[in-house]
Structures are given as structure tokens and as C-alpha cells.
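Novice: Just the structure for this:
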Amino acid sequence: MNRIILSLGAILIGILFLGVSTIAEEITLTTYYPAPYGAYNELTTTGNTYLATTSGRVGIGTTNPNETLEVVGKIRANTAFNLNGDDGDSDTFDVVTDMRIIGPNLQAQKRTIIVSGGIVTDIGNARWEDIGSVNP
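Specialist: Prediction:
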């Protein structure tokens, strides 16, 4: 009788372990650091940071940049602000230095800056241009 009880106990224990091992699942979780996707309240890097390296646009203060780099707000450069073309030859840049509203017109004050080899060689006189209208 004891042998029957021991045999049944051994069979039940075997079924129990076999059942648990067939029910168990294996889960693999892959994480990336830093995570390549998502929205961040703050992102701090301790080394070089590369954004949109093969294509695309980068927006600061906008989620829909129209240029390679579009900044909505002020840009501060404490040491230098490099305006240089692709080839190092002389290039011309129109820089907005002020904005105003005159009646229904939005105007930008622009100056033409000529840069040659990374050095500003000429700054044109300020001029006002209409760039849009303001609807009250």
C-alpha cells in the first residue's frame, strides 16, 4: 500500500514539474541605450552628439522644421558664429537682424553679409523687407 502511495506521489510530482515546464514561457527584452525613439523632456549628452546625420531636419522649438536646422527663438554664440559655405569660397548670406509690424505688414530688417574663407569681408546696410501680413 505504501508503494502504491509513493508511486502515485512520484507520478503526481512528475506531472506537476512536467506541466510547469511546458507552461513556462521565455521572454526576451531588448533595450537600447540611449533609446533611439521617444520624446524626452531633457536630453543631456557627455560627448559628441550627432543628429540627422544622413538626411532629415533638426528643429529646436519646432516639430516641423523647414530647413536643415531651424531654430524658433534666439541663438547665442559666446565665442563665434561661423557662416561659411560648402567650398570655402566667397558666399553671401542674408541675416535678419530685427522684426517689426507696420500696419498690417510684418517686416524684417535684413543685412547682407559676405563671407570668404570663414571671414566676414562685408556687411551691407540694413534694409526693411515685407515678409508677410498680420491679421488683427
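Novice: Was I right to think residue 106 contacts residue 128?
Specialist: No: between residue 106 and residue 128 there is no contact under Cβ atoms under 8 Å: 10.7 Å. For the C-beta atoms, the positions are set from N, CA and C on the backbone; glycine is no exception.
Novice: between those two, what contacts are shared?
Specialist: Common neighbours of residue 106 and residue 128 are listed as residue 100 (criterion: Cβ atoms under 8 Å, 6 or more residues apart in numbering).
Novice: so who does the residue nearest the centre of the chain touch?
Specialist: By Cα atoms, centre = their mean, the chain has its centre lying nearest to residue 58, at 5.6 Å. Taking Cβ under 8 Å, 6+ apart, we find residue 58 in contact with 51, 52, 65, 68, 69, 70.
Novice: cool, and residue 65?
Specialist: 57, 58, 59.
Novice: So, low pLDDT: which residues of the protein?
Specialist: 1, 12, 14-24, 31-38, 77-89, 118, 136 (pLDDT under 70).
Novice: all helices of it, in order?
Specialist: Listed in chain order, the helices of the chain (DSSP state H) span residues 2-23.
Novice: can you pull out the strands in it?
Specialist: Secondary structure of the chain (DSSP state E): strands at 58-60, 69-71, 91-102, 105-116, 119-123, 127-133.
Novice: which one of those is the most hemmed in?
Specialist: Mean neighbour count (mean count of other Cβ atoms under 10 Å) peaks for strand 105-116 among these, with a mean of 16.
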